[in-house]
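Participant: coords please:
(one chain, ligands or ions: 1)
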Amino acid sequence: QEAGDAPGHQPCARRVLVFPLPFQGHIDPMLHLAGVLHARGLAVTVLHTRFNALDPARHPEFQFVAVPDGTPADVAAMGRIIDIILAMNAAMEASPAVGEALRASAVAGQDGRPRASCLFVDANLLAVHRAARALGLPTLVLRTGSAACLGCFLAYPMLHEKGYLPPQESQLCTPVPELPPLRVKDLIYSKHSDHELMRKVLARGSETVRDCSGVVINTAEALEAAELGRLRDELVHLPVVLAAGPLHKLSSSRGAGSSLLAPDHSCIEWLDAQRPGSVLYVSFGSLAAMDSSELREVAWGLAECGHPFLWVVRPNMVRGCDVDSARQLPDGFEDAVKGRGVVVRWAPQQEVLAHRAVGGFWSHCGWNSTLEAVSEGVPMICRPDAVDQMMNTRYLQDVWGVGFELQGELERGKIKDAVRKLMGEREGAEMRRAAQELCAKLAGCLESTGSSQVAIDKLVSYILSL
Ligand code: UDX
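Facilitator: Have a look, this model is predicted:
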């Protein structure tokens, strides 16, 4: 297909640019949004950093432009997302490269490529938003986290003024009435990073959101109606604040199409041979890490629980370990779980969660994993690690009733009990029922007259009006 052609080879009248933050949980929803807009007849140009560069061959329907991001090699090698976001933005602000790439990408091409109407940008890329603004190109923010998460980060100055943050040990269970149903311990803060750095990143993200021409949030009215209402009141100056998710259910592009690691599809064949609802899927996302002692406890907890499981052990999942993390699994583990447990380095997660054999998900509760589980009706054990994962857990456990938190130190006995609770007949049944109900409500949002589809209709009209 030629650049500027929509499906069916009709030339596109309009084009959009998209610029994702180069981390898995941010790339996927941006490319899903691009897929949704492309299916509605818009041409798409994807701008991407050289750090975690995307592979154009996997998305022949889009044009790709690599932009020098200037992230220092030592910062990139450390792999701390917060440091990379700040360093990348600083380097991009100091160089004309982003502005030049945007200018060249936005203009109409001699090949019939239409001019770009707007840029979709991740809120964490303030440098890109500013460069677009300087060119007079409207930007819309795609929020890859929840509406509650956006509400929290817009409220960050207030949360400090009122003393909720940084969190005090004695106040962790204190409710935050300005952001119901959150408690202090559910707010965004990093257990691992310097709190001031987090504050800086969120202040820059808020500036992008408040200063852009519209916000699209990867959530749905069925999940967060009240939170969306509050956001619309706060961002009343923006022409559009839309809940258009879960985007992976609206886009026809395959889930693993933008994976930075190669998914191991052999696990699907193994799942095919398991009983319906019998398998626990275990994955802690693309960034969360654990100590080798914790890895050992998880391994023995899964070995002792007696249920079939599929566990993702990412290459860099164990802190301070340079070798493939799966090689750190304890001696005897493989024999102990033979035939009942499978370990992969990276799974085709959306396919796994949609598989009939999967009956439960033990997750770090990143927002994408949360959306992917609730949209398949899979109940969860929640083990939040950082940023928005604590508040996602609050919703999963106490608002939607589709999961529960595994708290405290990771210890094999507690893990065994938690898995049995989730997968078992008694308490598990209630969560499974709630998960099915929520899944049905979400499916309603995705129907042609459902709220998320209507949001996409509004978004396309808005783009055409620019
Ligand atoms: C983190 C945050 O927790 C998240 O809420 C935030 O918006 C982005 O940064 P991450 O650790 O990447 O995200 O988790 P998550 O948001 O769940 O995204 C992980 C993605 O990787 C999911 O789409 C999941 O399907 C995919 N994945 C994960 C795989 O495809 N295979 C795997 O084996 C594991």
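Participant: can we go C-alpha only for contacts and neighbour counts from here?
Facilitator: OK.
Participant: which bits of the stretch 101-250 of the chain sit near the ligand?
Facilitator: 144-145 (C-alpha under 6 Å from any ligand atom).
Participant: and the strands in the stretch 101-250 of the chain?
Facilitator: Applying DSSP state E, counting those that start in this stretch to the stretch 101-250 of the chain gives strands spanning 116-122, 139-143, 215-217, 241-243.
Participant: can you pull the contacts of residue 220?
Facilitator: 243-246, 442, 445, 451-452 (C-alpha atoms under 8 Å, 6 or more residues apart in numbering).
Participant: now with 6 Å, please.
Facilitator: 243, 245 (C-alpha atoms under 6 Å, 6 or more residues apart in numbering).
Participant: just for the stretch 201-350 of the chain, where's the confidence low?
Facilitator: 253-256 (pLDDT under 70).
Participant: show me which residues of the stretch 351-466 of the chain sit near the ligand.
Facilitator: Counting by C-alpha under 6 Å from any ligand atom, the stretch 351-466 of the chain comes close to the ligand at 365-369, 388-389.
Participant: from the residues you listed, which two are the most distant?
Facilitator: Across these, the longest distance by C-alpha to C-alpha is 12.1 Å; it joins 369 and 388.
Participant: more neighbours: those two, which one.
Facilitator: Neighbour tally, residue 369 and residue 388, criterion other C-alpha atoms under 10 Å: the higher count belongs to residue 388, 24 against 20.
Participant: re the thing from before, adding mean neighbour count, write the strands of the stretch 101-250 of the chain out as JSON lines.
Facilitator: Output for those, formatted as JSON lines (neighbours: other C-alpha atoms under 10 Å):
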{"stretch": "strand 116-122", "mean neighbour count": "25"}
{"stretch": "strand 139-143", "mean neighbour count": "26"}
{"stretch": "strand 215-217", "mean neighbour count": "23"}
{"stretch": "strand 241-243", "mean neighbour count": "25"}
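Participant: now these in TSV, with distance to residue 305?
Facilitator: Formatted as TSV, these follow (distance: least, C-alpha to C-alpha, whole Å):
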stretch	distance to residue 305
strand 116-122	40
strand 139-143	37
strand 215-217	38
strand 241-243	39
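Participant: all helices in the stretch 101-250 of the chain, in order from the N-terminus.
Facilitator: With helices called from DSSP state H, counting those that start in this stretch, the stretch 101-250 of the chain shows them at 126-134, 147-154, 156-161, 195-211, 221-234, 247-250.
Participant: quick one: which of these is nearest residue 465?
Facilitator: Between residue 465 and those, the tightest spacing by C-alpha to C-alpha is seen for helix 126-134, at 17.8 Å.
Participant: identify all contacting residues around that closest one.
Facilitator: For helix 126-134, the external contacting residues (C-alpha under 6 Å, 6+ apart) are 89, 93, 99, 208.
Participant: got the angle for that helix vs helix 195-211?
Facilitator: If you take axes from the mean of the first three to the mean of the last three C-alpha atoms, to 10 degrees, helix 126-134 sits at 20 degrees to helix 195-211.
Participant: list the buried residues in helix 126-134.
Facilitator: Residues 126-133 are the ones in helix 126-134 that count as buried (16 or more other C-alpha atoms under 10 Å).
Participant: let me know the angle separating it from strand 116-122.
Facilitator: 160 degrees.
Participant: now the angle between helix 221-234 and the longest helix along the chain, please.
Facilitator: Counting by DSSP state H, the longest helix found in the chain is helix 426-446. Angle, helix 426-446 to helix 221-234, by the same axes, to 10 degrees: 60 degrees.
Participant: elements contacting helix 426-446?
Facilitator: Counting contacts by 3 or more C-alpha pairs under 6 Å, 6 or more residues apart in numbering; DSSP states H and E, helix 426-446 is packed against helix 451-465.
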